[in-house]
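Asker: Curious how this folds, go ahead:
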Amino acid sequence: MQDGDGRPRTPGRDVKIRKALIPAAGLGTRLLPATKVVPKELLPIVHRPALEYIADELVASGIEEVVLILHPVKESISGHFSPGGPVIHALAERGQLSRLDTLNRILGSLKFTVAYQDEPLGLGHAVWCGKDAIGNEPFAVILPDDLVRSKVPCLRQMVELYEQTPASYVAVEKVPENRVHLYGIVDGTFEAVQKPFAAKNLVEKPAPGSAPSQQAVIGRYILGPEIFGILEGLSKGSLGELQLTDALAVVAQKGGLFAYPFEGIRHDVGQPLGFVEANLIYAMDHSEMAEPLRALMRELLQNSSPK
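Answerer: From the prediction side, this is the model:
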């Protein structure tokens with residue numbers, strides 16, 4: 001590993017995870033027609049865009065710079081995370097700028113830059129598109145579809161692991177056997193929640209009955225800059241996509257990858273049911289909404305009948 005000027009640097013506690021990459025170029029087809037114009041990352045979870053919850057996690061994890069990987073039609077995401085604009089002016093005139101306090105706190109804590117992925121060529125390609133913005137240092141990757149509710153933010157848990165033992169890490173959770181074909185699956189010996197274990201290999205969306213485990217990779221990663229060179233050397237898969245899982249398998253086979261069964265509950269807000277669930281659960285965190293919502297759900301359950 002090297003400093004920005006090319007000098008060697010010894011991995012350890014002095015190597016801080018400063019940057020995070022957010023792949024957000026996907027067109028959100030699972031949530032159509034809601035995402036025809038509005039990016040799925042800006043759809044509200046209660047009263048805040050989903051991506052703001054991710055930004056909160058980044059701030060709490062000590063991240064300083066965020067690289068947004070966008071498709072050119074999703075410029076509204078970078079617009080949301082930019083200061084100024086007509087809404088700011090209107091709120092200032094009304095004396096209501098406090099309504100943007102949470103967003104302003106994010107903007108005061110994180111520097112946002114943008115890189116573009118013009119074609120949907122896979123998650124590996126999306127990560128590779130951030131190569132110049134990341135540079136030659138370790139970094140985090142966080143997928144905006146996955147919101148994680150936990151006492152300690154999921155990425156912060158992983159950053160603390162990295163500071164103790166520098167390596168590449170992927171967050172994993174156990175999924176039902178009938179869903180392993182939807183994920184990248186880790187081959188390794190699971191020990192306990194919050195205890196990382198060595199990943200021997202990774203398999204992208206294994207066929208039913210062939211998965212090496214039920215430990216599925218979810219949207220939190222800590223990677224070294226060598227991942228870019230590995231991605232450049234890979235062949236594209238059958239769908240013409242560059243899979244991050246294939247690059248991580250190379251890292252695993254060299255003994256440099258650990259799987260981390262994080263503490264927390266994940267919500268996949270990139271699909272309809274997960275989106276609705278997250279809105280209900282996050283709404284229960286609000287004192288003004290919790291009791292009316294609880295009463296409404298009781299009423300709905302009492303009055304509902306099987307169809």
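
Asker: Can you show me the helices along the chain?
Answerer: 50-60, 75-80, 86-94, 101-109, 123-129, 131-134, 154-164, 226-233, 244-253, 272-283, 287-303 (DSSP state H).

Asker: quick one: which of the ones you listed is nearest Val37?
Answerer: helix 75-80 (8.7 Å; CB to CB). The way it works is simple: take the backbone N, C-alpha and C, and place the C-beta from them, glycine included.

Asker: The closest one: which residues count as buried?
Answerer: Ile77, His80 (16 or more other CB atoms under 10 Å).

Asker: Now that helix - C-alpha only, PDB.
Answerer: Extracted C-alpha coordinates of helix 75-80, given in PDB (Å, rounded to 0.1, in the frame of the first residue of the first chain):
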ATOM      1  CA  GLU A  75     -28.200  13.700 -12.000                       C
ATOM      2  CA  SER A  76     -30.900  14.600  -9.500                       C
ATOM      3  CA  ILE A  77     -29.000  12.500  -6.900                       C
ATOM      4  CA  SER A  78     -26.000  14.700  -7.100                       C
ATOM      5  CA  GLY A  79     -28.300  17.700  -7.100                       C
ATOM      6  CA  HIS A  80     -29.900  16.500  -3.800                       C
END
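
Asker: nearest residue to Leu123 other than its sequence neighbours?
Answerer: Leu244 (4.4 Å; CB to CB, 6 or more residues apart in numbering).

Asker: Looks like that neighbour contacts Gly122 (just checking).
Answerer: Yes - using CB atoms under 8 Å as the test, Leu244 is close enough to Gly122 to be in contact (7.4 Å).

Asker: Specify which residue of the two has the higher count of neighbours.
Answerer: Leu244 (28 against 24; other CB atoms under 10 Å).

Asker: Look up how far Leu121 lies from that one.
Answerer: When distance is defined by CB to CB, to the nearest Å, Leu244 is 11 Å away from Leu121.

Asker: shared neighbours, the two?
Answerer: Among the neighbours of Leu244, none is also in contact with Leu121 (CB atoms under 8 Å, 6 or more residues apart in numbering).

Asker: ok, residues contacting stretch 30-42?
Answerer: With CB under 8 Å, 6+ apart as the criterion, stretch 30-42 contacts 24, 26-29, 43, 49-51, 74, 76-77, 80, 144-145, 269-272, 275.

Asker: one more time with 7 Å, if that's ok
Answerer: For stretch 30-42, contacts defined as CB atoms under 7 Å, 6 or more residues apart in numbering pick out 24, 27-28, 43, 49-51, 74, 76-77, 80, 144, 270-272, 275.

Asker: so which of these would you say is closest to Ser304?
Answerer: The closest of the contacts of stretch 30-42, once distances to Ser304 are taken by CB to CB, is Pro272, at 19.0 Å.
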